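Engineer: starting from these lines, generate the structure:
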Amino acid sequence: MNQGVFYGQVIVGPAGSGKSTYCHIMQDNAKLLKRNIMVVNLDPAAEHFKYRCDIDIRDLITLDDVMEEFKLGPNGGLVYCMEYLLQNIDWLEEQLCDLATDDYVLFDCPGQIELYTHMDLMNKLTQSLSNLGFSVCSMYMLDVTFISDNSKFISGVLQALTAMISLGLPHITVLTKCDIIQDKKQIDEYLEFSEEIDDIEIKDTQNMSEFDKKYNSLTRTLRETIKDYSLVGIRKLDVSDEETILDLLAEADMCLNYGENLEPDERFYEQVEDNLQKGNDVYFDEGANDDF
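Structural biologist: Here you go, the predicted model:
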């Protein structure tokens, strides 16, 4: 690979949580910022993508082939595929050899949650990326359906926290599919809950069973723990709202300190100097160097 620091996001989360959609949306909207986002598919069981897949693990190994050859089930086969990738990390390095320092890479990971919570495979992968010169953050996709119930939401937050600890990376939890919820106020209330962990009423009844009392007490304790230690912050993703998309990208950039090592485009400054010599007015605005 070329010398320098490279930037990217490791996209994780359960199956169906919106990882591939996130990659597609980010890749598409990056064009507005004149940025090139590459996407690497690391799911050997993937079938279809909306995004432009620049590097595909299925060119190295596929889940179907592993299951057929070794008589493994889907879970065991997926673990084998990820171990095989780690053993052949040189393949990934070769695929990334033409990467420019201003390119940005999204690594679309498998949806088997055990890879992030029970095993160290993904942690080893992120360490391998670091050895290749990457500065990466993790983006955990949390389906908006988790806000249907307080205890379910806390369960999802704890899953995200487990993945964050396992990966050991700067981390952002993303509440996906917010566009399907009509009551946007409900989403904002839960976002405040995830960031501030404000008191949310846990309903009590006179006829509550002993189990329900203990369950509510556990939920309340977990909520307070997350609040006291400010463990998890969640950001929303609404594909119909461009602002939420660009805000997410900007926050990931801040996690990575993206851009601080990039060289300024000399052509832009040459044009400014030329205009000054000619006596032309020079304006420095957001679109001043869009052509470069």
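Engineer: so what's the residue nearest to residue 162 when sequence neighbours are not counted up against?
Structural biologist: Excluding the flanking residues, the one nearest residue 162 by Cβ to Cβ, 6 or more residues apart in numbering is residue 117, at 4.7 Å. Glycine gets a C-beta too; all of them are placed from N, C-alpha and C. Contacts for residue 117 (Cβ atoms under 8 Å, 6 or more residues apart in numbering) come out as 159, 162, 163, 166.
Engineer: so which of these is surrounded by the most neighbours?
Structural biologist: Among the contacts of residue 117, residue 163 has the most neighbours (other Cβ atoms under 10 Å), with 23 neighbours.
Engineer: so where do the helices sit in this protein?
Structural biologist: 19-29, 63-70, 74-87, 89-95, 114-117, 121-131, 150-167, 184-196, 210-229, 242-256, 266-277 (DSSP state H).
Engineer: if you average pLDDT over each of those helices, which is lowest?
Structural biologist: For these, the weakest mean pLDDT is recorded on helix 266-277, namely a mean of 53.
Engineer: roughly how far does residue 240 sit from residue 185?
Structural biologist: The gap separating residue 240 from residue 185 is 16 Å, by Cβ to Cβ, to the nearest Å.
Engineer: dump the contacts of residue 117 to CSV, plus distance to residue 93.
Structural biologist: As requested, the contacts of residue 117 are exported to CSV (distance: Cβ to Cβ, whole Å):
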residue, distance to residue 93
159, 31
162, 29
163, 25
166, 23
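Engineer: which of those lies closest to residue 45?
Structural biologist: For those, the residue nearest residue 45 by Cβ to Cβ is residue 163; the value is 19.1 Å.
Engineer: doesn't residue 238 make contact with residue 174?
Structural biologist: No. Residue 174 is beyond contact range of residue 238, at 10.8 Å (criterion: Cβ atoms under 8 Å).
Engineer: any idea how far residue 54 is from residue 142?
Structural biologist: 26 Å.
Engineer: quick one: residues contacting residue 113.
Structural biologist: Residue 113 touches 13, 14, 159, 163, counting by Cβ under 8 Å, 6+ apart.
Engineer: what pLDDT does it get?
Structural biologist: 89.
Engineer: likewise the one 5 residues further on?
Structural biologist: Per-residue confidence (pLDDT) for residue 118: 84.
Engineer: same question, residue 88
Structural biologist: Reported pLDDT for residue 88: 98.
Engineer: so who does the residue lying closest to it once chain neighbours are set aside touch?
Structural biologist: Distance criterion Cβ to Cβ, 6+ apart; nearest residue to residue 88, sequence neighbours excluded, is residue 60 at 6.5 Å. Contacts of residue 60 were listed using Cβ under 8 Å, 6+ apart, and they are 84, 85, 88, 91.
Engineer: against residue 108, how distant is the most centrally placed residue in the chain?
Structural biologist: In the chain, the residue lying closest to the centroid (Cα atoms, centre = their mean) is residue 139, at 2.3 Å. In this view, residue 139 and residue 108 are 10 Å apart by Cβ to Cβ.
Engineer: which neighbours do the two have in common?
Structural biologist: residue 11.
Engineer: average model confidence for the top strand by length along the chain?
Structural biologist: Determined from DSSP state E, the single longest strand within the chain is strand 134-143. Strand 134-143 shows a mean pLDDT of 96.
Engineer: packing partners for that strand?
Structural biologist: strand 6-12, helix 19-29, helix 121-131, helix 150-167, strand 171-176, helix 242-256 (3 or more Cβ pairs under 8 Å, 6 or more residues apart in numbering; DSSP states H and E).
Engineer: what's the most buried one of these?
Structural biologist: Greatest average neighbour count among the helices and strands packed on strand 134-143 goes to strand 6-12 (a mean of 25), per mean count of other Cβ atoms under 10 Å.
Engineer: what's in contact with stretch 171-180?
Structural biologist: Counting by Cβ under 8 Å, 6+ apart, 13, 17-18, 21-22, 137-147, 157, 160, 163-164, 184, 187, 190-191, 194, 232-241, 244, 248, 251-252, 255 sit against stretch 171-180.
Engineer: many thanks, I have nothing further to ask.
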